[in-house]
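>>> Sequence and predicted structure below; questions after.
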Amino acid sequence: MPRSRPSTPAHSRFATAHIASPVRARSMTTSIATPLRALLLTGLLGVLACAPPGIANETGAQDFQQIERGRYLAAAADCSGCHTDPQGGRPYAGGRPIQTPFGRVLAANITPDRDTGIGAWSDAEFDAAVRGGKMPGGSRLYPAMPYPYYARMNKEDVQALRAYLNTLAPVRHEVHSNQLPFPFNIRASMRVWDALYFKPGVYQPDSRKSPSWNRGAYLVTGPGHCGACHTPKTPLGADVIGRPLQGYSIQGWFAPDITNDSRRGLGDWSPQDIVEYLKNGHNRFAGAAGPMGDEVANGSSHLSDADLLAMAEYLKDQRSQASQVPSVSVRDPAMVAGGAIYQDLCSACHRGDGRGIPYLIPDLAGSASVASDQPTSIVRVVLNGAKTVATQDEPTGPAMPSFKWQLSDAQVAAVTTYVRNSWGHAAQPTTARAVRKARKQLDVSVRQ
Amino acid sequence: MTERLPAKDVVIVGLGWTGSIVANELADAGLQVMAIERGPWRDAAMSYAPNYAQDELRYRIRHELFLRPDQTTFTFRNKMSQTALPIRNWGAFMPPNGVGGGGVHWNGETWRFLPSDFVAASHLKQRYGAHFLPADMTIQDWGVTYEELEPHYDQFEYLCGTSGTAGNLKGEIREGGNPFEGPRSREYPNPAQEQPFSHTLFAKAARELGYKPFPQPSGNMSRAYRNPLGVRLGPCTYCGFCEWFGCANYSKSSPQTTVLPVLVRKSNFQARDNCEVTRINLDSSGKHAAGVTFVDSAGKEFEQPAELVILAAYTIFNVQLLMLSGIGQRYDPVANRGVIGRNFTHQTISDVGSFFDSARFVFNPFIASGAIGMCIDEFNGDNFDHGPHGFVGGGYMGQVQTNGRPIESTPVPPGTPSWGAQWKQAVRENYQSALKPGTGVHGSMYSYRDVYLDLDPTYCDRFQRPLVRITMDFHANELKQNVFLTDRFAEIFHAMGARQVVKEYRKAPYDITAYQTTHLCGGAIMGTDPSTSALNRYLQSWDVPNLFVMGASAFPQNAGYNPTGTVAALAYWSVAQIRSQYLKHPGPLVHA
């Protein structure tokens, strides 16, 4: 069933807003954002302090509060998630491969090293990169660096980020970021992409919503860049208009719908459930694994409870256009086989009723993400297993074993079809062919 | 060329139960901690995932998780007059190896010793007279009491999520628990497990005979649990692949499932695996440990200097390292002098097999866990009058059937051919209706002058260090004890309605090939007198005050219970003293 593009959907106004003039933008930012800024700093430091709007291009090396704020925002934006190579790389020194649908790029060295990092960049050049996708000299960043989202951040926040990055140890590490194959390695082509898809502009608060909702919206659509993984993309890698946060297959996982949709998204999660998941990596339904596990460890576990609650409030107010899918009949041979496999291999941990053990074994029955549009995550987890994140309050980090040596493609297809169509879920059946393809891709990515 | 590493505050030899507990406590005290483990790193999900761990051939028969004798072993003889030979295939006990140690493969039986066990020598002499004890029995009081250890037993049980029913709550005897146990300050953290059919029948028969059966305290979770460190465990699924195996269902207490997840997050904790400590280094005075020397898997030798050394390498390896490092006077059984190697003990185990009418009894023995069981304690310790019987000691006994695994579970009545069509038929007919608890009679072994450890004069390891020589045989006291206990045990199976009951008494000589638990104890015992003990009551070496020795090597004799609960309680007791007293005033904590 074709989805029509809504004319002026309220929720996408902020993602696609044009700012009429820079001056107007600044005054809007100042007048509306002052209470927001107070909220920001109160949330962080318990101290009311306002950086006057007139300080445009200066990051103070002595400005402790600005640096603290920058450190907090670096967690919110999860800079080190890409810019620190987990294979023994120095912090923020780059080199980590980022898989895109078009090939690989390597994250840049953003330590203050003058030759191989960004130490020689001016603050304005830093801002142009983070919020505009432009490097000094004019060449364009690829949106693997999520500048279309960071564009929502206000200038002061980006300045604070710069101030924090300036305090890092400079690391001499030459990184050649552009590893894409021809013709994608022609950076100039990004001009066309930007013209088509990039909508710059700071986040505009919605005066009808609460300050905490707006704070959540700012974090989710700005530094949090949740849509970079969770929003469906066009074939050219731009956000599909009108379907924010409704799920996307990326890096061998399906980042699920995180709107309030009850069938695919967070409809059954309370705001407290969302806060626990983002802070501790675990709640009574699920545990964060894979790239989301990294995000929790590097990013959201460092945010304040108030900010996480604000993000939850925003997410719970988002709607989805997910269409109804009929559930597969229990008499379907795949369901019968899948049920038997589930009983033998899965039910010892996940239980016959799919409920798992809160905070330890995911609740398959209660997790809408199990019935996502694409089975990428569930197929991947059955084939390769998964290790959930360990955090301060939830240090266990339980893991699921790999079943790829034990189950054929048809068996993985059957058991995932069964899980995705049991306990009230309804989803497209998984094909053995899709499993075979996933198996090949996962083997390749493991070898890399 | 030995490489000298940067100094640490404390080096811990061995990262099993006590190594992990002590490392976590000392890391919390702010110390820089280095743990060195001979075997591999083990992570539950990666090392024994639950979709392949239930492999009896691999783990139970071929001993995958255990020390390989070709890495190191012991020599063994029954009597001093014999020549000891190397053990080339484990039988009587299964030494652990790897992070988690025995805590990975144990059953989970989490007992406390009796109050009287800690003062066994003075108690028994007072009650029966010194003449009642055999002349060559060398039992001693521990120097610590049950009351002093009670909070630390509690600490370990809450770390583990032990499932059980309290029998004595602050002096009040509770129905359904062990009426003989020492007073505990609070209930177990988790209720007792559900018991399988045969265990329930055993309890019923025991009650009818006037006993007070109770569920065995179990390290298999009866429900989901979050321990005080924030680590979560899940409910046991009664898979019957518990002892000898690792549990990555998060249902068995082990260092991996209770303490390592928080320990590894501490930036002041480091560990080296696949590194074997070869020596504890002393300074020129011989009274102060300077650290340890170890060899990595590349064969390179390192020196790890430290201010405090914790030896937590398992009973026999503790004793070996003390001997090889020249710490303490080695025991001479002829002269009856010295302490290192003295008072070595094991356990006195026997079993009763029973066969029931298969039309009326279907036991489903495969529904089980490692510490499931219904037990009675009437014949443990000094819980009964030994006067008429002419022996001391005792043990718990119980229907503790932990599995129905296919290779091992082939009970057939006596007289059945041992192979062929008739054997197969008998296995088929009896599998569901025969019972064979694992260690049904779990009796004490007291210590004797001629049961000890020393260094072998002939055999060495790959570093040219002498192997430990075990000299061990049963004494009349334990054999008498075992006949009495086994006879009482068999009566209960008769009362259950067994068609046939087969008693298997423990017989002399001590058989190094037959599995009898891995509860080896002693050799570096604790006590109040430096001439008869290696350690003071805080497990601190009398000779080298900055050395503490954890583990069952401290037991002056073994009681009629599995040792792990007491091993861990002693570790908590010792490290509490290190934190509150020793770190502030390094030096001897007890002046004898």
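Great, that's in hand.
>>> what does chain A put close to chain B?
A:345, A:348-349, A:357-361, A:385, A:387, A:390, A:392-403, A:406 (C-beta under 8 Å from any C-beta of the partner chain). Every residue, glycine included, has its C-beta placed from N, CA and C.
>>> Out of those, which end up buried?
Among the residues of chain A next to chain B, those classed as buried by 16 or more other C-beta atoms under 10 Å in any protein chain shown are A:345, A:348-349, A:357-361, A:385, A:387, A:390, A:394-403.
>>> Excluding chain neighbours, give the residue nearest to B:Glu303 in space.
The spatially closest residue to B:Glu303, leaving aside those adjacent along the chain, is B:Arg4, at 4.6 Å (C-beta to C-beta, 6 or more residues apart in numbering or on different chains).
>>> In terms of helix, strand or coil, where does the residue lying farthest from the centre of chain A fall?
No residue in chain A sits farther from the centre than A:Arg331, which is 37.8 Å out by C-alpha atoms, centre = their mean. Classification of A:Arg331 by DSSP: H, G, I helix; E, B strand; the rest coil places it in coil.
>>> can you tell me how far it sits from A:Trp213?
Counting by C-beta to C-beta, to the nearest Å, the gap from A:Arg331 to A:Trp213 is 46 Å.
>>> cool, and B:Gln540?
Taking C-beta to C-beta, one finds B:Gln540 at 61 Å from A:Trp213.
>>> re earlier: helices - which of the residues of chain A next to chain B land there?
Judged by DSSP state H, the residues of chain A next to chain B include A:Ala348, A:Cys349 as members of helices.
>>> ok so, going back, which one of B:Gln540 and A:Trp213 has more residues nearby?
Applying other C-beta atoms under 10 Å in any protein chain shown to B:Gln540 and A:Trp213 shows that B:Gln540 carries more neighbours, namely 24 against 18.
>>> Can you name the residues bridging to that one?
B:Phe548 (DSSP bridges).
>>> OK, contacts around it?
Residues in contact with B:Gln540 (C-beta atoms under 8 Å, 6 or more residues apart in numbering or on different chains) are B:Leu547, B:Phe548, B:Ser574, B:Tyr582, B:Pro588, B:Leu589, B:Val590.
>>> And for A:His176?
Contacts of A:His176 (C-beta under 8 Å, 6+ apart): A:Leu106.
>>> do the same with B:Gln216
Listed by C-beta under 8 Å, 6+ apart, the contact set of B:Gln216 reads B:Glu109, B:Trp111, B:Gly164, B:Ala371, B:Ile372, B:Gly373, B:Met374, B:Cys375, B:Gly398, B:Val400.
>>> go on, B:Leu67?
So B:Leu67 contacts B:Gly39, B:Trp90, B:Pro95, B:Pro96, B:Asn97 (C-beta under 8 Å, 6+ apart).
>>> Out of those residues, which is nearest to B:Gly16?
Closest approach to B:Gly16 among those (C-beta to C-beta): B:Pro96, at 6.4 Å.
>>> Torsion angles phi and psi at the nearest residue to that closest one once chain neighbours are set aside?
Of all residues not flanking B:Pro96 in the chain, B:Gly102 sits nearest, at 4.1 Å (C-beta to C-beta, 6+ apart). Torsion angles at B:Gly102 (phi, psi; degrees, to the nearest 10) stand at phi -70, psi -20.
>>> gap between B:Gly102 and chain A?
Distance, B:Gly102 to chain A, by C-beta to the nearest C-beta, to the nearest Å: 22 Å.
>>> Now the residue nearest in space to the middle of chain A. Nearest residue, chain neighbours left out?
For chain A, the residue nearest the mean C-alpha position is A:Cys226 (3.5 Å; C-alpha atoms, centre = their mean). Distances taken as C-beta to C-beta, 6+ apart put A:Val220 closest to A:Cys226, at 5.0 Å, once the chain neighbours are dropped.
>>> In this structure that neighbour contacts A:Glu313, no?
No: the criterion here is C-beta atoms under 8 Å, and A:Val220 misses it with A:Glu313 at 10.1 Å.
>>> higher neighbour count, the two?
Neighbours were counted for A:Val220 and for A:Glu313 using other C-beta under 10 Å; A:Val220 has more, 26 against 19.
>>> Using PDB, write out every CA atom in the host helix or strand of the more buried one.
Applying DSSP states H and E as the criterion places A:Val220 in helix A:211-221. Taking C-alpha atoms only, helix A:211-221 is exported to PDB below (Å, rounded to 0.1, in the frame of the first residue of the first chain):
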ATOM      1  CA  PRO A 211      10.400  22.400  27.800                       C
ATOM      2  CA  SER A 212      11.300  18.800  28.500                       C
ATOM      3  CA  TRP A 213       9.700  17.600  25.300                       C
ATOM      4  CA  ASN A 214      11.700  20.200  23.400                       C
ATOM      5  CA  ARG A 215      14.800  19.200  25.200                       C
ATOM      6  CA  GLY A 216      14.200  15.600  24.200                       C
ATOM      7  CA  ALA A 217      13.500  16.600  20.600                       C
ATOM      8  CA  TYR A 218      16.700  18.600  20.500                       C
ATOM      9  CA  LEU A 219      18.700  15.600  21.800                       C
ATOM     10  CA  VAL A 220      17.100  13.000  19.600                       C
ATOM     11  CA  THR A 221      17.100  15.000  16.300                       C
END
